[in-house]
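1. return atomic coordinates for the entry below.
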Amino acid sequence: MLGDRLIQLNEYVSFHTPGHSGGIVDFPPFNAPIAWTDTTETPFTDDLKAPETIIAEAETAVGKIYGTAPVIFSTAGATALIQTAIYRNRRERFLVYEAAHSSVYNALRLTGAAAYQSVGIPVEAAVKQCKATAVIVTSPDYYGRTVPRDDIERLGKKVKVIVDASHGAHFAFSDKLPVSATEYADTVIHSMHKTLPVLTGGAVLHVPENEYDDYMAAFRLFHTTSPSYPVMAGIEAAAKYFSENGKRLYDKVYSDVAAFKRVACAAGYRTADNDDFSRVVIVAPGGGKALNDILLKNKIVPEFRSDNDVTLIVTPYNSDRLKDVGKVLTANPYRGGVGAAGIEAPKG
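-> Got it, this is the predicted structure:
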């Protein structure tokens with residue numbers, strides 16, 4: 001049964017989403033029986049699509065933590081919020097800057113909005129070239145790389161900027177991480193469950209205060225009428241907990257990642273340069289699949305792999321288990337020959 005398989009996952013080390021990493025989280029909804037918090041819209045529990053009491057208060061609290069105006073919670077992931085943002089601005093002429101999540105392209109198809117894609121040229125030049133009035137930027141990307149803040153700010157107020165920061169909800173909680181997109185963009189999407197201890201599906205849309213009603217009207221078209229209350233509770237609790245403890249927690253993650261990189265280097269592996277130190281990309285040209293397979297064999301589950309690398313999402317709830325990854329790399333070195341995992345460096 002599915003439930004039995006899920007319980008067995010406790011035997012594995014998670015370096016993938018969601019950001020609780022299968023660890024012990026001591027705040028709601030994790031520290032209460034799920035049936036206690038799983039409810040629906042009642043006079044006591046508010047309504048996500050027309051929030052007035054406890055949901056409105058939770059959204060306001062999260063907005064204050066991020067320094068933004070009203071926010072909108074989603075329990076249907078960032079996808080519902082990307083659809084919301086694109087539909088709200090559907091009459092704009094969109095530029096999709098570099099790569100984007102499939103939900104961006106799907107939302108553009110659904111709305112029939114005019115859209116252009118740019119690759120390999122500065123965002124300011126791309127906007128001018130296609131005469132865009134709105135730009136969709138993915139920052140950070142899957143590999144922890146960000147678009148420079150200055151590049152976005154140079155666009156000015158004449159261009160609407162929507163930042164898909166799905167993988168950057170944690171940036172606001174440590175000065176060792178890049179600046180949060182909420183510092184420089186009006187419309188920002190955070191997939192909270194990607195990097196924070198939030199149940200899968202938890203996401204937040206930060207919007208301009210004077211456009212809140214328009215965004216809510218769009219949101220009602222796309223989000224389910226059966227939102228998950230445990231997910232919403234987790235969004236608020238995680239934001240509050242990390243606003244108070246994030247610096248300490250990510251200082252520890254930073255130290256653990258630095259120690260791991262030294263071990264990886266000694267075993268012949270390189271880790272990719274990026275902006276988010278908690279996104280660890282182990283580079284193994286030609287050996288990404290082999291490395292991923294040996295990690296899985298040792299019950300370590302990465303976020304994803306390509307032919308040339310394996311990516312780990314490191315959080316305060318799994319950073320101590322980087323030692324386990326280090327042991328696997330040490331036992332399967334990458335030194336221009338074949339290790340125990342069959343990982344071979346490219347010739348020439």
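2. ok, now how distant is the closest residue in space to residue 226 that isn't next to it in sequence from residue 90?
-> In space, and not counting its chain neighbours, residue 226 is closest to residue 40: 6.9 Å by C-beta to C-beta, 6 or more residues apart in numbering. For every residue, glycine as well, the C-beta is placed using N, CA and C. Look at residue 40 and residue 90: by C-beta to C-beta, to the nearest Å, they are 31 Å apart.
3. neighbour-wise, which of those two wins?
-> residue 90 (17 against 11; other C-beta atoms under 10 Å).
4. which ones are touching that one?
-> Going by C-beta atoms under 8 Å, 6 or more residues apart in numbering, residue 90 touches 111, 112, 113.
5. so it lies in a helix, does it not?
-> No - assessed by DSSP: H, G, I helix; E, B strand; the rest coil, residue 90 does not belong to a helix; its assignment is coil.
6. pLDDT score for it?
-> Here the pLDDT value assigned to residue 90 is 98.
7. how far away is it from residue 214?
-> With distances taken as C-beta to C-beta, residue 90 is found 11 Å from residue 214.
8. re earlier: can you put the contacts of residue 90 in JSON lines and add pLDDT and neighbour count?
-> Formatted as JSON lines, the contacts of residue 90 follow (pLDDT from 0 to 100; neighbours: other C-beta atoms under 10 Å):
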{"residue": "111", "pLDDT": "96", "neighbour count": "18"}
{"residue": "112", "pLDDT": "97", "neighbour count": "8"}
{"residue": "113", "pLDDT": "96", "neighbour count": "17"}
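9. what does stretch 118-135 rub up against?
-> By C-beta under 8 Å, 6+ apart, stretch 118-135 touches 89, 92-99, 116, 137, 147, 151-152, 154-155, 158-162.
10. with stretch 47-54 instead?
-> By C-beta under 8 Å, 6+ apart, the list of residues contacting stretch 47-54 from outside reads 41, 45-46, 55, 59, 73, 75, 216, 219-220, 223, 225, 227, 232.
11. buried only: go through the residues you listed for me.
-> Of the members of the contacts of stretch 47-54, the ones counted as buried by neighbours, 16 or more other C-beta atoms under 10 Å, are 41, 46, 55, 59, 73, 75, 216, 219, 223, 227, 232.
12. so which of those would you say is closest to residue 84?
-> residue 219 (4.6 Å; C-beta to C-beta).
13. tell me the contacts of the closest one?
-> If you count contacts by C-beta under 8 Å, 6+ apart, residue 219 has them with 49, 72, 74, 80, 81, 84, 205.
14. I figured residue 264 hits residue 328, correct?
-> No - look at residue 264 against residue 328 with C-beta atoms under 8 Å: they stay out of range, at 10.2 Å.
15. domains in the chain, by residue range?
-> According to the domain assignment given by automatic domain parsing, the chain is divided into the following structural domains: 2-16+245-331, 34-243.
16. ok, and which of those has the densest surroundings?
-> When neighbours are counted by mean count of other C-beta atoms under 10 Å, the highest per-stretch mean among the domains of the chain falls to domain 34-243, a mean of 20.
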